[in-house]
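# Below is the sequence, then the predicted model.
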Amino acid sequence: MIPGQGVLAIWNGIEAGHEEEFLNWHVAEHIPERMAVPGFLRARRYRAVRGFPDYFNFYEVLRPDVLESHAYVSRLNDPSEWTRRVVPHFTAMSRTLCEVVASGGRGVGGFILTMRFTCASDTLKPMVPMLLASPAIAAVHLLERTRLSVQRTAEAAMRTGKDATSPSILLVEGPAPEALDTAVNEIASDVALLANGASPPTDRGLYQLEFLLDHGPDDVSGAHH
């Protein structure tokens with residue numbers, strides 16, 4: 001399950017010819033830089049197996065207000081030279097500051113199904129225990145957008161166009177993509193969602209985990225053994 005109460009959910013593509021630098025920057029500098037901000041607990045990057053855009057990233061934070069903290073916003077307003085080279089080549093950017101409505105499971109799956117909704121998260125809540133009951137599903141997370149707009153920062157100004165956001169997001173993890181697909185299609189198909197009073201998602205994507213960074217016990221407690 002998600003260890004905190006907040007999530008920053010990001011989907012993005014990258015312009016042709018800039019993918020290798022994006023991948024190197026993301027792991028070598030960007031994610032460690034974000035994880036150094038107080039309140040950031042875990043970061044993940046996924047690549048699309050099926051879906052658009054090519055990458056899904058999410059950062060798990062202690063509370064939603066970590067994403068508006070002075071430490072985080074200051075970081076956004078002071079991008080590194082490497083960041084200045086990479087970020088202008090982002091495409092199809094969707095960035096949503098979220099509150100965790102529900103989260104549960106048995107661990108981290110190697111694959112994740114992402115669903116973005118325009119409906120309220122309340123209508124999706126009944127799906128969470130139903131999905132968690134499937135042995136093919138490792139974890140389920142229901143997220144709700146915390147606000148319609150965020151501060152305009154130096155980093156955001158480098159991206160072309162306005163970032164998209166999603167009112168509600170449902171994430172379903174599993175170890176095997178075929179079994180995950182089958183389970184979600186049985187429980188949370190468009191027909192099933194409509195029958196439960198929810199709107200179908202505006203987007204569904206299947207992504208594979210490429211990188212995960214979290215804090216070990218020493219990072220959290222400051223103790224050394």
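Nice, thanks for sending it over.

# Contact partners for Glu21?
Residues in contact with Glu21 (CB atoms under 8 Å, 6 or more residues apart in numbering) are 85-86. Any C-beta I mention is one placed from the backbone N, CA and C, and that applies to glycine too.

# and it, that one's in a strand?
No: judged by DSSP: H, G, I helix; E, B strand; the rest coil, Glu21 forms no part of a strand; its state is helix.

# now the top strand by length along the chain: how far from the chain's centre is it?
What stands out as the longest strand in the chain, according to DSSP state E, is strand 90-105. Relative to its parent chain, strand 90-105 has a centroid offset of 4 Å by CA atoms, centre = their mean, to the nearest Å.

# And for stretch 102-111?
Worked out by CA atoms, centre = their mean, stretch 102-111 lies 13 Å from the chain centre.

# Give the buried residues for stretch 134-149.
134, 136-146 (16 or more other CB atoms under 10 Å).

# now the strands: where do they sit in this structure?
Under DSSP E, the chain gives strands at 6-14, 40-50, 55-61, 90-105, 111-117, 139-145, 168-174, 203-214.

# With adjacent residues omitted, what lies nearest to Pro38?
Ala71 (5.6 Å; CB to CB, 6 or more residues apart in numbering).

# who's in contact with the residue nearest to Val87 when sequence neighbours are not counted?
Spatial nearest neighbour of Val87, excluding adjacent residues (CB to CB, 6+ apart): Met158 at 4.5 Å. The neighbours of Met158, taking CB under 8 Å, 6+ apart as the test, are 79, 83-84, 87-88.

# Longest helix in this structure, please.
Determined from DSSP state H, the single longest helix within the chain is helix 177-187.

# ok, for Ala188, nearest residue in space, not its chain neighbours?
Nearest residue to Ala188, sequence neighbours excluded (CB to CB, 6+ apart): Met127, at 5.3 Å.
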